[in-house]
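Chemist: Turn this into a model:
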Amino acid sequence: MTTERRIITSDENVERQMQGRVLEDFVRSCIVMAIDSADDSEFYEVPNAEWIAKYTRKGASAFGYKNRDFQIDILNDPAHHKVVMKSAQMGISEIMARDCVCRLCKNDRTKALYTLPTDSDVGIFSDTRVRPIFEDSPYITRWSGKGTDNLGRKQVKNSFLILRGSWDVRLAQMMDIDFIYIDEFDRQKPDIIGSLRARMDGSAYRYETDYSTPTIEGFGIHTLYLDTDQKEWYVTCNRCGEEQFITEEHIMFYEEDEEHIEPYFGCLRCKTKLNRFTGLWKPTAKGKPEMSGYHITQAMSPMISAADILHKKETSQLEADYYNYTWGLPYRGSSEGSVETIDYDSIMGDHPLDPDSRTGGKAIMSIDWGLPWSWAEIRRIEDDNPDGEIIWIECFKSTNPDDHPDRMIELARQAEACMVMADIGYSDSRGYRLKQALGDVFWEVASNSVGTVEPKFNLKNHHVVCFKERILKRHFVLLKNKRIWLPHDTDKIKFAKDKSQTRVEKWLEHHKSIKVRKNRDGVEEMVYAGQDHLALTSAYCDIAFEYLLKNTSTTRRTQRKVRVHRVGRG
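Modeler: Predicted coordinates for the structure are as follows:
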């Protein structure tokens with residue numbers, strides 16, 4: 001018997017699609033009706049993890065914590081400051097985005113700031129993580145504000161979610177906020193964190209959640225984690241009852257025969273294979289009472305086998321990446337150290353800090369903007385002299401952004417600087433004010449993580465584009481070869497509650513925080529164990545110095561000449 005095949009017309013296909021949409025809308029309306037009929041107290045008082053599972057969805061399915069039970073206690077933790085030192089791909093950014101929306105819904109007329117390192121990170125995160133929460137969840141869709149639905153701003157009821165990159169100038173000019181979520185803490189702009197926390201000073205809520213894969217010891221998320229109770233995820237051996245959190249030491253091998261050796265996570269006491277489907281968070285330190293810390297590794301997921309972990313170890317280009325992204329641990333191998341082995345004592349000059357001490361030479365100045373701190377260096381140079389001598393190091397602090405350009409203009413005029421270079425990062429109004437006050441003496445610098453090999457000077461708009469890692473490496477070579485001289489300083493400045501330093505000591509600290517690490521192929525990668533502002537300003541002075549040496553009238557006539565202006569006093 002033959003079966004006749006009927007061709008479905010385009011009109012019938014459209015009709016079927018419409019029927020599917022009607023059914024989907026009906027299901028959504030049923031969910032909304034169920035939500036509306038629910039007890040209000042249940043909506044507001046239910047723990048965050050349960051709220052997220054009940055009122056948010058992931059695509060067409062309910063959101064859940066299958067094979068990731070460790071996420072539940074993190075979400076339900078009432079601490080006002082949570083710190084999560086994590087490995088990669090463990091769903092933390094996903095649950096924190098939902099936790100942020102949960103807090104906004106449960107606390108009407110509040111504001112949350114979710115910050116990532118760059119604006120491009122914000123665009124990707126907003127489109128792939130935040131937008132689906134609003135579109136897939138009927139309750140949130142119903143109450144979201146359509147007029148404020150864009151990549152950087154979301155509204156639910158009368159509450160607002162603001163998404164920003166920490167290197168975005170506008171972040172320092174933000175409104176008051178109630179909740180802060182700092183994603184990839186180690187890659188944030190270091191001097192912006194204090195400003196963000198200050199935005200919560202007037203809030204009745206003041207919740208901060210920091211999470212990141214760590215980089216190196218004693219920096220960023222690792223420093224915060226050490227201040228907490230340092231909770232680890234303990235699993236219990238089904239055979240001997242031993243409680244333990246899984247480390248690399250737990251990887252053992254079952255030899256079925258000579259050709260089949262199977263790795264597994266085993267109990268350190270009896271070697272039995274551990275059940276990783278359930279566990280319990282337990283603190284391992286006392287920590288500050290207002291802080292709660294969690295350490296997450298990929299070994300906590302039962303979906304990642306011991307063989308997978310070993311494969312990551314074998315294929316990781318950088319050994320540090322293996323420990324950072326797989327085990328959520330900071331790493332400092334034996335191959336890491338300062339960028340150059342420099343005897344800083346040997347480059348100490350015999351003059352004190354004094355922006356007037358030019359003795360006939362020219363002065364160049366460089367600036368790295370920040371808030372509340374901005375940093376600057378003034379260096380004395382002489383025509384045809386390849387050496388430079390630092391005569392002033394500026395560490396300026398003010399919570400008023402307008403004070404920063406005023407101070408730098410004052411310094412440039414005092415030193416009669418013939419060239420001033422300022423980082424473009426905060427130069428929205430600051431750069432404009434310096435340009436107005438200093439004229440052609442002023443240059444703006446864009447230091448990119450990738451880009452041009454040599455600094456590129458645009459004479460038309462006085463912009464310089466450079467490759468940050470290259471100019472820093474060149475700067476350390478100059479220091480090693482004693483081409484830059486440091487002044488003496490005895491004036492102590494209060495940089496932190498328990499830390500006073502001279503300007504020269506702070507300059508040295510910023511330089512010594514820069515490290516390199518090598519992969520197995522011997523390729524160097526630069527990392528930062530702390531702030532680098534004064535190292536970067538000094539590298540900017542190198543650029544200005546080389547530019548002037550090449551282009552002033554005392555150099556070879558075959559090179560292009562530019563007139564050297566000086567900023568007069570007054």
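
Chemist: how about the strands in the stretch 151-300 of the chain?
Modeler: 153-156, 159-165, 179-183, 207-212, 232-236, 243-245, 251-255, 261-265, 280-282, 291-296 (DSSP state E, counting those that start in this stretch).

Chemist: how about these, which one is nearest residue 369?
Modeler: strand 159-165 (15.9 Å; CB to CB). All C-beta atoms are positioned from the backbone trio N, CA, C, and that covers glycine.

Chemist: Okay, angle between that closest one and strand 179-183 too, please.
Modeler: Angle between the axes of strand 159-165 and strand 179-183 is 30 degrees (criterion: axes from the mean of the first three to the mean of the last three CA atoms, to 10 degrees).

Chemist: so what does strand 159-165 touch, helix or strand wise?
Modeler: helix 92-106, strand 111-116, helix 119-125, strand 153-156 (3 or more CB pairs under 8 Å, 6 or more residues apart in numbering; DSSP states H and E).

Chemist: For it, buried residues please.
Modeler: Using 16 or more other CB atoms under 10 Å as the test for burial, strand 159-165 gives 159, 160, 161, 162, 163, 164, 165.

Chemist: quick one, what contacts the last one?
Modeler: Residue 165 sits next to 115, 116, 117, 118, 119, 120, 121, 122, 171 when contact means CB atoms under 8 Å, 6 or more residues apart in numbering.

Chemist: please redo it, this time with the cut-off set to 6 Å
Modeler: 116, 118, 119, 122 (CB atoms under 6 Å, 6 or more residues apart in numbering).

Chemist: biggest separation within the residues you listed, which pair?
Modeler: 116 and 119 (8.5 Å).

Chemist: okay, these two: which has more neighbours?
Modeler: Using other CB atoms under 10 Å as the criterion, residue 116 and residue 119 rank with residue 116 on top: 25 against 17.

Chemist: Kindly state the beta-bridge partners for the more buried one.
Modeler: residue 165 (DSSP bridges).

Chemist: what's near enough to touch it?
Modeler: Contacts of residue 116 by CB under 6 Å, 6+ apart are 122, 125, 165, 183.

Chemist: that older thread, okay, the strands of the stretch 151-300 of the chain in JSON lines with mean pLDDT and distance to residue 393 next?
Modeler: Output for those, formatted as JSON lines (pLDDT from 0 to 100; distance: least, CB to CB, whole Å):
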{"stretch": "strand 153-156", "mean pLDDT": "87", "distance to residue 393": "40"}
{"stretch": "strand 159-165", "mean pLDDT": "89", "distance to residue 393": "29"}
{"stretch": "strand 179-183", "mean pLDDT": "95", "distance to residue 393": "30"}
{"stretch": "strand 207-212", "mean pLDDT": "96", "distance to residue 393": "31"}
{"stretch": "strand 232-236", "mean pLDDT": "96", "distance to residue 393": "43"}
{"stretch": "strand 243-245", "mean pLDDT": "95", "distance to residue 393": "46"}
{"stretch": "strand 251-255", "mean pLDDT": "86", "distance to residue 393": "49"}
{"stretch": "strand 261-265", "mean pLDDT": "90", "distance to residue 393": "52"}
{"stretch": "strand 280-282", "mean pLDDT": "96", "distance to residue 393": "46"}
{"stretch": "strand 291-296", "mean pLDDT": "97", "distance to residue 393": "34"}
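
Chemist: and of those, who's closest to residue 307?
Modeler: It is, among those and with distance given as CB to CB, strand 261-265, at 5.1 Å.

Chemist: Kindly export the closest one (C-alpha atoms) in CSV.
Modeler: Taking Å, rounded to 0.1, in the frame of the first residue of the first chain, the C-alpha atoms of strand 261-265 are listed here in CSV:
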residue,chain,number,x,y,z
ILE,A,261,45.1,2.9,33.9
GLU,A,262,42.1,5.0,35.0
PRO,A,263,42.6,8.1,37.1
TYR,A,264,40.0,8.9,39.8
PHE,A,265,39.5,11.2,42.8
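
Chemist: where in the stretch 401-550 of the chain is pLDDT low?
Modeler: Scanning the stretch 401-550 of the chain for pLDDT under 70 picks out 425-428, 448-453, 516-525.

Chemist: any chance you could map the strands in it?
Modeler: Per DSSP E, counting those that start in this stretch, the stretch 401-550 of the chain carries strands over the ranges 417-423, 442-448, 456-458, 463-467, 484-488, 492-496, 499-502, 514-518, 524-528.

Chemist: Just the C-alphas of stretch 447-466, formatted as CSV.
Modeler: Only the C-alpha atoms of stretch 447-466 are listed here, as CSV (Å, rounded to 0.1, in the frame of the first residue of the first chain):
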residue,chain,number,x,y,z
SER,A,447,48.3,52.6,26.2
ASN,A,448,46.8,49.5,24.7
SER,A,449,47.3,45.9,25.8
VAL,A,450,47.7,45.0,22.2
GLY,A,451,48.4,47.1,19.2
THR,A,452,51.3,49.1,17.7
VAL,A,453,54.9,47.9,18.5
GLU,A,454,56.4,51.4,18.6
PRO,A,455,54.7,54.5,20.0
LYS,A,456,52.8,56.3,17.3
PHE,A,457,52.7,60.2,17.5
ASN,A,458,49.8,62.0,15.8
LEU,A,459,51.1,65.6,15.5
LYS,A,460,47.7,66.9,14.4
ASN,A,461,45.7,66.1,17.5
HIS,A,462,48.6,65.4,19.9
HIS,A,463,47.7,61.8,20.6
VAL,A,464,50.1,59.0,21.2
VAL,A,465,49.3,55.3,20.9
CYS,A,466,51.6,52.8,22.5
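
Chemist: who touches that stretch?
Modeler: 443, 444, 445, 446, 467, 468, 543.

Chemist: so the second one bridges to which residues?
Modeler: Spelled out, that is residue 444. residue 422, residue 463.

Chemist: Residue 302 - nearest residue in space that isn't next to it in sequence?
Modeler: residue 276 (4.4 Å; CB to CB, 6 or more residues apart in numbering).

Chemist: For residue 157, see how far away that neighbour is.
Modeler: Look at residue 276 and residue 157: by CB to CB, to the nearest Å, they are 39 Å apart.

Chemist: between the two, who's got more neighbours?
Modeler: Taking other CB under 10 Å, residue 276 and residue 157 do not tie; residue 276 has more neighbours (19 against 16).

Chemist: Reformat the contacts of residue 116 as CSV; add distance to residue 319.
Modeler: Listed next are the contacts of residue 116 as CSV, based on distance: CB to CB, whole Å:
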residue, distance to residue 319
122, 31
125, 28
165, 29
183, 25
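
Chemist: Only the buried subset of those, as a ChimeraX command please.
Modeler: Restricted to buried positions by 16+ other CB under 10 Å, the ChimeraX selection for the contacts of residue 116 reads:
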select :122,125,165,183
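
Chemist: Closest one of the contacts of residue 116 to residue 192?
Modeler: residue 165 (10.1 Å).

Chemist: Could you measure from that closest one over to residue 61?
Modeler: In terms of CB to CB, residue 165 sits 31 Å off from residue 61.

Chemist: Kindly report the same for residue 125.
Modeler: To residue 61, residue 125 is 21 Å away according to CB to CB.

Chemist: Over to residue 371?
Modeler: For residue 371, the distance to residue 61 - CB to CB - is 44 Å.

Chemist: now residue 78
Modeler: 29 Å.

Chemist: Over to residue 139?
Modeler: 16 Å.

Chemist: Between those two, which is the more surrounded one?
Modeler: When residue 139 and residue 61 are compared for neighbours, residue 139 comes out ahead with 21 against 8, by other CB under 10 Å.

Chemist: how about the more buried one, phi and psi?
Modeler: phi -60, psi -50 (degrees, to the nearest 10).

Chemist: right, and it touches residue 55 too?
Modeler: Yes: look at residue 139 against residue 55 with CB atoms under 6 Å: they come within range, at 5.1 Å.

Chemist: So, low pLDDT: which residues of the stretch 101-250 of the chain?
Modeler: Filtered on pLDDT under 70, the stretch 101-250 of the chain yields the residue ranges 145-149, 167-174, 190-191.

Chemist: same thing but at 50, please
Modeler: Filtered on pLDDT under 50, the stretch 101-250 of the chain yields the residue ranges 169, 172.
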